[in-house]
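> pasted the sequence and its predicted model underneath.
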Amino acid sequence: MYYYSIYNKELTKTYRGLATLLIIAISLFFLQSISFAEIFDKSAEEYRIKGYEEQKSGNLGKALTYYAKAVSLGLQSPSVYNDMGVVYEQLGVQDKAIEFYLNAIKADPEYQPAYTNLAYLYLERGDHRNAIAFFRERIKKAPTDDPWAEKIKKELIKIDPEYKQEYIHQQMEVKRRQLEETQRQLRQKAHDEFCLKIIRSEKHLERARQFWNEKKFDEALDQFDLALAVTPDNPKILKLKKRCLYEKEVDAIKLKAERAMEKLDSGELESAKKEIQEILTAIPKEPVQ
């Protein structure tokens, strides 16, 4: 029993040691895998850069070699496939160019240069059906600030009567919306200006009433005129102005009457008579309420 216990303990230690070694081995394997992957990625990118440099220098054969090495190392980049398509097209191997442009689209369906290159290649070959299809796809994916968009639209207008009609309709719709927006803005501006005029007119009207209540008729009439200058032919202001003018004339007649009574009291009969006659001819007609 004692021997078995010791053996069991020793066996447990052995298992633990083996497990530790296994974990270390697995960790090393993954670390090596990650390291190898990084090396491959770095090498692939270096080949891509070399390929692009050779392509710019006009060394198309070398460019293809480097690009092919980058792809063989796992670089699934749409730009690499697209560049390979460009090189093949420059070499006059159009079928291979089409193949690699399609590979670029397969790697990234949103990669726009491949659609453009395919469309122009098909256009050069006289294949308007495929050219139209890829031009249309390119337009669909174009952002609002895409400098290529207008150029591609012009190409489509030349070769696609249906798109030409669509484009004309779109332009007419754009102009219609712009016109509607301009009219809306003009209406809004006119409304805003009208509201400002009403506010200014009401301020003058308020001052006119204050002067009127203080029997300052001339100042009140000036404010009525300012209000009418802002809102001409305003019936409300016109009626108030007439009423104010009537009260001004009535007030003036009252002063004349007071002077006539004073002259009567002082015995100045002729002068008093003259004042009374002026009063009778000056009595205004009361305006409509």
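Everything's here; your move. This is a predicted model, so every value here is computed, not measured.

> measure the most centrally placed residue in the chain to Glu150 for me?
The residue at the geometric middle of the chain, judged as the C-alpha nearest the mean C-alpha position with C-alpha atoms, centre = their mean, is Thr144 (10.7 Å). Distance check for Thr144 against Glu150: by C-beta to C-beta, to the nearest Å, it reads 12 Å. Placement of C-beta: from N, CA and C, glycine included.

> how much space between the residue nearest to the centre of the chain and Ser72?
Counting by C-beta to C-beta, the gap from Thr144 to Ser72 is 39 Å.

> for the record, mean pLDDT for stretch 57-76?
Along stretch 57-76, the predicted confidence averages to a pLDDT of 88.

> for it, buried residues please.
Within stretch 57-76, the residues that qualify as buried by neighbour count (16 or more other C-beta atoms under 10 Å) are 62-64, 66-67, 69-71, 73, 75.

> in helices only, show me the residues you listed.
With helices taken from DSSP state H, the overlap with the buried residues of stretch 57-76 comprises 62-64, 66-67, 69-71.

> pipe those into a markdown table and attach distance to Ala114 per row.
Supplementary listing: those in a markdown table, determined by distance: C-beta to C-beta, whole Å:
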| residue | distance to Ala114 |
| --- | --- |
| Lys62 | 23 |
| Ala63 | 17 |
| Leu64 | 17 |
| Tyr66 | 20 |
| Tyr67 | 15 |
| Lys69 | 21 |
| Ala70 | 17 |
| Val71 | 15 |
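
> distance between the ends of stretch 120-132?
With C-alpha to C-alpha, to the nearest Å as the measure, the ends of stretch 120-132 fall 10 Å from one another.

> no no, stretch 85-103
Distance across stretch 85-103, first residue to last, is 9 Å (C-alpha to C-alpha).

> what distance separates it from the centre of its chain?
For stretch 85-103, the distance between its averaged C-alpha position and the chain's averaged C-alpha position is 39 Å (C-alpha atoms, centre = their mean, to the nearest Å).

> other residues contacting it?
Applying C-beta atoms under 8 Å, 6 or more residues apart in numbering, the external contacts of stretch 85-103 come out as 55, 60, 63-64, 67, 78, 81-82, 84, 104, 114, 117-118, 121, 125.

> and with 6 Å instead?
In this structure, residues lying in contact with stretch 85-103 by C-beta atoms under 6 Å, 6 or more residues apart in numbering are 60, 63-64, 81, 84, 114, 117-118.

> ok, and the closest non-adjacent residue to Tyr115?
Leaving aside its chain neighbours, Tyr115 sits nearest to Arg138 (4.0 Å; criterion: C-beta to C-beta, 6 or more residues apart in numbering).

> for Ala272, see how far away that neighbour is.
Computed as C-beta to C-beta, the Arg138 to Ala272 distance reads 103 Å.

> mind saving the C-alpha coords of stretch 50-66 as CSV?
This file holds the C-alpha atoms of stretch 50-66, laid out as CSV (Å, rounded to 0.1, in the frame of the first residue of the first chain):
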residue,chain,number,x,y,z
LYS,A,50,9.4,45.7,-56.3
GLY,A,51,6.8,44.7,-58.9
TYR,A,52,5.3,48.2,-58.8
GLU,A,53,8.7,49.9,-59.1
GLU,A,54,9.5,47.7,-62.2
GLN,A,55,6.1,48.5,-63.7
LYS,A,56,6.7,52.2,-63.3
SER,A,57,10.1,51.8,-64.9
GLY,A,58,8.6,50.0,-67.9
ASN,A,59,10.1,46.6,-67.0
LEU,A,60,6.9,44.7,-67.5
GLY,A,61,8.3,41.2,-67.5
LYS,A,62,10.1,41.7,-64.2
ALA,A,63,7.0,43.4,-62.7
LEU,A,64,4.9,40.3,-63.5
THR,A,65,7.5,38.1,-61.9
TYR,A,66,7.5,40.0,-58.7
